[in-house]
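Participant: Here is the input, now give the coordinates:
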Amino acid sequence: GSGQSLLEVEADWEVASAASLVLADLRLLGGSGGAVSLQSTGGDVTLQRVETSSGVVTFSGALTIAECAVTSTQLIGSTSSSLLCISGSTLTRSAISMTGGSATIEGSSVLVNSPVIITAGTLSASQCELQSDGSSVPLTIESGGFATVTGVIFRSSADDGITAVSVSDGGSLTVDGSQLVKADGRSDPFPCDGIL
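Facilitator: Now for the predicted structure:
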């Protein structure tokens with residue numbers, strides 16, 4: 001955050017169930033496989049002011065991502081005890097997949113072509129932005145998934161006709177004070193009929 005070069009760390013990480021790991025002010029590089037591999041089997045992981053350029057982060061405990069730049073990284077919540085909190089961060093060409101547990105996206109976070117898929121569990125998104133060029137659906141709620149979006153901007157850099165949100169039978173979406181912003185800058189309240 002101070003404009004200084006970040007320390008680069010090349011390693012694979014594994015966090016046991018009773019352990020915790022805090023990584024701050026770092027650029028994470030992949031260990032043996034070239035991409036970041038971080039696996040938490042119930043432990044707590046905090047990434048603060050961290051940059052990643054590719055990798056997979058699986059977690060069954062708590063994962064906190066604050067003020068980070070995450071690129072081409074998969075975040076996978078794998079159990080009902082998975083807890084994800086993203087605040088003040090930018091995710092680019094990444095993906096969030098929750099097969100249980102809960103996720104929170106807030107604090108002016110921006111997700112660029114970074115789909116969020118809630119298969120089971122809950123999502124609370126507030127005061128953040130989900131951007132898409134049409135290559136993926138920004139938010140997908142499968143059967144058994146629940147999501148609440150408050151003050152969220154769904155921004156499209158593509159022409160009209162993309163899907164901003166997909167909700168399957170048995171899924172639930174609650175919306176308050178959110179907007180759809182088209183490529184030309186025009187906006188409409190979300191949800192709205194037949195737009196995007």
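
Participant: Could you report the pLDDT at Thr150?
Facilitator: Looking at Thr150, its pLDDT is 94.

Participant: residues touching it, list them.
Facilitator: Shown here is Thr150, whose contacts under the criterion CB atoms under 8 Å, 6 or more residues apart in numbering are Ser124, Ala125, Ser126, Gln127, Val175, Asp176, Gly177, Ser178. For the C-beta atoms, the positions are set from N, CA and C on the backbone; glycine is no exception.

Participant: mind showing which ranges of this protein have poor pLDDT?
Facilitator: 1-5, 31-34, 160-161, 192-196 (pLDDT under 70).

Participant: Just give me the residue right at the centre of it.
Facilitator: With distances taken as CA atoms, centre = their mean, the chain has Ile96 as the residue nearest its mean C-alpha position (4.7 Å).

Participant: Return the list of strands paired to the helix or strand that contains that residue, each annotated with direction.
Facilitator: Assigned by DSSP states H and E, Ile96 belongs to strand 95-98. Counting by DSSP bridges, the strands paired with strand 95-98 are strand 73-77 (parallel), strand 116-118 (parallel).

Participant: Would you mind finding the most buried of those?
Facilitator: Among the strands paired with strand 95-98, the stretch with the highest mean neighbour count (mean count of other CB atoms under 10 Å) is strand 116-118, at a mean of 25.

Participant: one step back: out of the contacts of Thr150, which end up buried?
Facilitator: Burial by neighbour count, judged by 16 or more other CB atoms under 10 Å, picks out Ser124, Ala125, Ser126, Ser178 from the contacts of Thr150.
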